[in-house]
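Colleague: Quick one, fold the following:
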Amino acid sequence: MTKKQYRLYCADCLKKLAEIPENTFDMIFADPPYLLSNGGITCQNGCVVSVNKGDWDKSHGLSEDFEFHKKWLCTCHRVLKPNGTLWVSGTYHSIYSCGFAMQLLGFHILNDIAWFKPNASPNMSCRYFTASHETLLWARKSKNAKHTFNYEAMKKGSFPKDFIKKPDCQMRSVWAIGTPTKSEKIYGKHPTQKPVELLERIVLASTNPGDLILDPFMGSGTTGVAALKHGRRFVGIDMESQFVELAEKRLYDASEKKDKK
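Modeller: Numbers count the residues shown, from 1 in each chain. As a prediction, this is how the structure comes out:
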C-alpha cells in the first residue's frame, strides 16, 4: 500500500484478486451489478430515463447470473481475513442469489439491513409498490469467526439525518439514509452510486482504524471516500476506466482533506 493509503485498479475483479494473497482484507464491501439493463425505463429527477447502464449490467439468464455471483464471492472469501466481514448490497433482483451463494461458500450471515431511501424515485407503471429500499447482507467469513462490531459507536454515535435511529439506543437493522447529494457528484456520477453516509456507517460499524478495505465493484469510489475519511486503507477495482478515473478524483480529494486535518 502506498503512502496515499489507497490503490485503484481498472480490471476484472476475478483476475485482479487472483493475484492477491489469501487473507488480505479486513472488510469487503461489494455492490455487484444488478443485471437490470433490459431496455426498460425509470424515473430520475423527474425525467423518464432508460434503465440501461452498460454491457456490464446485462443479465445472461438465471443460472449464468448465479454462477457469476458465486465466482466473485468465492474469490472474495479467499482474500478475506479469517475474522473479516463481507457486506453485499443489492435489490431483490440480485440479493437472494448472492445470499444463497454466500451460504454455500461458508459465509455466516449476521444481519440483513434494509437501507430505506426516503427520497426514492417514484414508480412509473403504478402497478406495484414503489421500490424504496435496498438490502445489505452482512456476513463473517465462517460461523466461528471473531468479527469486529463496534457496538458502542453504533449505539451512541450521532446520526441526525436518520429519523429511525434514536439517541443512545441500539442501532436497528433499518437505516433511513437518502440517496447521494449533489456535492457527492461534483466529479461525475455512477448509475448506482451509494451515499457516503451509508458507507461511513458500514466502515465505522465493522472496521477499526488502519484496517484494509476492498471494494471489487468500486464504481464511483464511495467506499474509498468513507474509508479514507475514517483512517482506513482502501483497494478498489472496476472494469470501466471512466469510473476508475472518477473514483481517483474523489479519493484524491478525500485524502487531501484528511491530510489537512
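Colleague: show me where pLDDT drops low in the protein?
Modeller: Residue ranges of the chain with pLDDT under 70: 1-3, 35-58, 60, 259-261.
Colleague: Could I get the full set of strands for it?
Modeller: In the chain, the segments counted as strands under DSSP state E are 6-10, 25-30, 41-44, 47-50, 80-90, 108-116, 133-140, 174-176, 212-215, 233-238.
Colleague: quick one: which of these is nearest Leu198?
Modeller: strand 108-116 (6.3 Å; CB to CB). Heads up, the C-betas are built off the backbone N, CA and C, glycines and all.
Colleague: Compute the inter-axis angle for the closest one and strand 80-90.
Modeller: Per axes from the mean of the first three to the mean of the last three CA atoms, to 10 degrees, the angle that strand 108-116 makes with strand 80-90 is 30 degrees.
Colleague: what comes up buried for strand 108-116?
Modeller: For strand 108-116, burial by neighbour count (16 or more other CB atoms under 10 Å) applies to 110, 113-116.
Colleague: Just put the strands of the chain in a markdown table and tack on distance to Asp162.
Modeller: Below are these laid out as a markdown table (distance: least, CB to CB, whole Å):
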| stretch | distance to Asp162 |
| --- | --- |
| strand 6-10 | 27 |
| strand 25-30 | 19 |
| strand 41-44 | 24 |
| strand 47-50 | 28 |
| strand 80-90 | 17 |
| strand 108-116 | 9 |
| strand 133-140 | 14 |
| strand 174-176 | 5 |
| strand 212-215 | 22 |
| strand 233-238 | 24 |
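Colleague: do you know which of the ones you listed lies nearest Asp65?
Modeller: Nearest to Asp65 among the strands of the chain is strand 80-90 (11.7 Å), distances taken as CB to CB.
Colleague: Paired strands for the closest one, with orientation please.
Modeller: strand 25-30 (parallel), strand 133-140 (antiparallel) (DSSP bridges).
Colleague: okay, how far is it across stretch 180-189, tip to tip?
Modeller: 10 Å (CA to CA, to the nearest Å).
Colleague: so which of the strands of the chain comes closest to Pro122?
Modeller: Nearest to Pro122 among those is strand 41-44; the distance by CB to CB comes to 5.3 Å.
Colleague: Closest to Tyr151 out of the buried residues of strand 108-116?
Modeller: When the buried residues of strand 108-116 are ranked by distance to Tyr151 (CB to CB), Leu110 comes first, at 12.4 Å.
Colleague: Apart from its neighbours in sequence, what residue is nearest the closest one?
Modeller: Of all residues beyond its chain neighbours, the one nearest Leu110 is Trp138 (4.9 Å), with distances taken as CB to CB, 6 or more residues apart in numbering.
Colleague: Check His147 too.
Modeller: Residue nearest to His147 in three dimensions, not counting chain neighbours: Arg140, with 4.1 Å by CB to CB, 6+ apart.
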